[in-house]
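Asks: prediction below, plus the sequence it came from.
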Amino acid sequence: TVLSLLALLVCLASLHLSLFTAWYSGFRRAFTRVENVHLKDIKLAIQIAEAGLELSKHGKQKTQLQERRLALLFMLRTHLVEIDAWRRWLQPEGFGLDGQPSVSLFFHLADGLEAAGPEAIADLQALPGARVIPTVATGWCELMAAEVALFQAALQHEPSAEMLVLLPHDAVPLQSLSRVLKALLDGNAGVSRICPAGVRDIEVPHDCAHGIEPHWARSLMLKHHQWIALSRRHAAHLVHPQALAAANGIFESEYLGEPLCSDEVFPLLTLALKEQVLQDKVPAEQALSQLMLYVAAARGNFEQGLREMDARAECILYAPWPGCGSSDIPSLKRAKSPILGGGMSPTDRDGLLRSLASRGVLFARKLGLYQGNVSGHMAMLDSGDSHPRTAAPVRLLPLPAEECCGPIVMARWGLATIKACLPVPILVAASGGLAWVSGKLALAGGHTSSGLPGTSFQRLITVYVTGHLAVFLFSVLAFPEYSLLEPFRKAGLLQRPEL
């Protein structure tokens, strides 16, 4: 009886693995909408990149006298929340030896110039080295077009920008300007900074809302926070239309319906492509398994994969995602965005800001200013200059070593590693075959006293498979990227738009 029960458990687990792998790695793709919100945003990004490719040939050229500069790319709605703090931050060290601003500022206003108003626009343009770019269409979780527009504008108009940093509307600096310039330009200008989402219970806390589960597909190891810092070479890669088109193929194949926004994986997909993709007039279709970064992630060497492409895991901007490191922030595992104010008292929030600054974090969002005012915040930055400089943490925030890697967690992680290292057809066939063999053993001939009754076994399997089919149906109905009618449209059997 014990052996029959064990065989039954193996049968159910193997059948689950076979069905889930076949569905999520194959059959669900047939229901992917040809037109959906993610792909519309990405296609707009490609159009912007194509239009800017010709303009880049006539952009400003760097002269020998110009110093290396930092470009800050702000994604705003209508205004920069803490503009007074940024104005103070840029003085008096905001200019280089050549008399030009050490930092260039680029602003994208998602709600448009009219919604922002002339006063807000004038305030932005009065900042040293500021430029407001034309507005492109955006939406919640759909920001790739705006990102491409910002990086493209910075590359075209600021030839001395060696590091380009993407920042949100409510960001504030946690280090003085001189320390930020040293951290991002001194000896590291060619190294991009990416902040990976992190694996729960291994890299980030169990309830971290932005993290991924240990057993999820290794493709999600490439999920990252959208606030990135790119070297000039990587920024040029990101805005190249062929790189965007190749990455779009991978995104559509592997990431639609996954728990992430396009801008939380798409940038890293473009950077992970080989340089040859940019050189081919008609680049070959790319697969996720061809990316060396994914291969490294599948084998548990994600950090090494980043280093090999001249990037590194470094979280230079902190966002108060629930459950992701600070014990003062409420735990909401399914939260869709960081908590305004971190859900903390002003005293606790000030303590967090000081702690983040001491750990090398350069910027923060949704936390406001230290002591609630510009003077107090600037004083905190000045006092931090006396502390030893350290690199920002590799995750937000890293899980303490004593809380990491329980046996169940590592078993789930190990299973995901095996799945990632096997081709999908082999994994489906092997797990399906194991389910069949173990099912036969569970029946034990069908008539012995130790075996399961054949009728009961068939009913159990029927209910089990039906339950999986219900989950698969829900996985199509629950996401706007999919439609039950899409296979008929793709086959040309249905032409009219779905109501």
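Replies: It's in.

Asks: output the contacting helices and strands for the lowest-mean-pLDDT helix or strand in the chain.
Replies: Ranking every helix and strand in the chain by mean pLDDT, DSSP states H and E puts helix 276-279 at the bottom, with a mean of 76. Applying 3 or more C-beta pairs under 8 Å, 6 or more residues apart in numbering; DSSP states H and E, one finds that helix 276-279 makes contact with helix 241-254. (Glycine included, C-beta is placed from N, CA and C.)

Asks: so where do the helices sit in the stretch 301-450 of the chain?
Replies: 302-308, 346-358, 374-384, 407-421, 424-443 (DSSP state H, counting those that start in this stretch).

Asks: which stretch in those has the least confidence?
Replies: Note on the helices of the stretch 301-450 of the chain: helix 407-421 shows the lowest mean pLDDT, a mean of 88.

Asks: now that one: buried residues?
Replies: By neighbour count on 16 or more other C-beta atoms under 10 Å, the buried set for helix 407-421 is 409, 412-413, 416-417, 419-420.

Asks: can I get the helices of the stretch 301-450 of the chain in a markdown table with distance to Arg88?
Replies: Putting the helices of the stretch 301-450 of the chain into a markdown table (distance: least, C-beta to C-beta, whole Å) gives the following:
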| stretch | distance to Arg88 |
| --- | --- |
| helix 302-308 | 34 |
| helix 346-358 | 16 |
| helix 374-384 | 5 |
| helix 407-421 | 45 |
| helix 424-443 | 55 |
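
Asks: among the ones you listed, which is nearest Cys324?
Replies: helix 346-358 (12.1 Å; C-beta to C-beta).

Asks: who's in contact with the closest one?
Replies: 174-175, 318, 326, 328, 341-342, 344, 364, 367-368, 370-372, 380-381, 384, 387, 390 (C-beta atoms under 8 Å, 6 or more residues apart in numbering).

Asks: got it, and stretch 73-80?
Replies: For stretch 73-80, the external contacting residues (C-beta under 8 Å, 6+ apart) are 86, 105-111, 115-117, 120, 123-124, 143, 146-147, 150-151, 154, 164-169, 171.

Asks: among the contacts of helix 346-358, which ones are buried?
Replies: 174-175, 318, 326, 342, 344, 364, 367-368, 370-371, 380-381, 384.

Asks: strands - which of those land there?
Replies: Taking DSSP state E, the ones among the buried ones among the contacts of helix 346-358 that sit in strands are 318, 364.

Asks: for Ala51, state which of the buried residues of helix 407-421 is nearest.
Replies: Within these, the smallest distance to Ala51 is 37.6 Å, found for Ala420 (C-beta to C-beta).

Asks: residue contacts, that closest one?
Replies: 217-218, 297-299.

Asks: buried sites along the helix or strand that the least confident helix or strand of the chain is followed by?
Replies: Using DSSP states H and E, the helix or strand that follows helix 276-279 in sequence is helix 292-298. By neighbour count with 16+ other C-beta under 10 Å, helix 292-298 contains the buried residues 293-298.

Asks: with stretch 79-86 instead?
Replies: Across stretch 79-86, burial judged by 16+ other C-beta under 10 Å covers 79-82, 85-86.

Asks: next, give me the two most distant ones among those.
Replies: Most distant of the buried residues of stretch 79-86, by C-beta to C-beta, are His79 and Ala85, 13.2 Å apart.

Asks: spatially nearest residue to Ala153 (excluding sequence neighbours)?
Replies: Ile133 (4.6 Å; C-beta to C-beta, 6 or more residues apart in numbering).

Asks: I should have written Leu90 there, sorry.
Replies: Excluding its sequence neighbours, the residue lying closest to Leu90 (C-beta to C-beta, 6+ apart) is Pro128, at 5.3 Å.

Asks: hang on, isn't that neighbour packed against Arg88?
Replies: No. Contact between Pro128 and Arg88 fails when scored by C-beta atoms under 8 Å: they sit 11.9 Å apart.

Asks: where in the chain is pLDDT low?
Replies: Low-confidence segments of the chain, defined by pLDDT under 70, are located at 34-37, 54-66, 92-101, 189, 280-284, 326-334, 445-452, 495-499.
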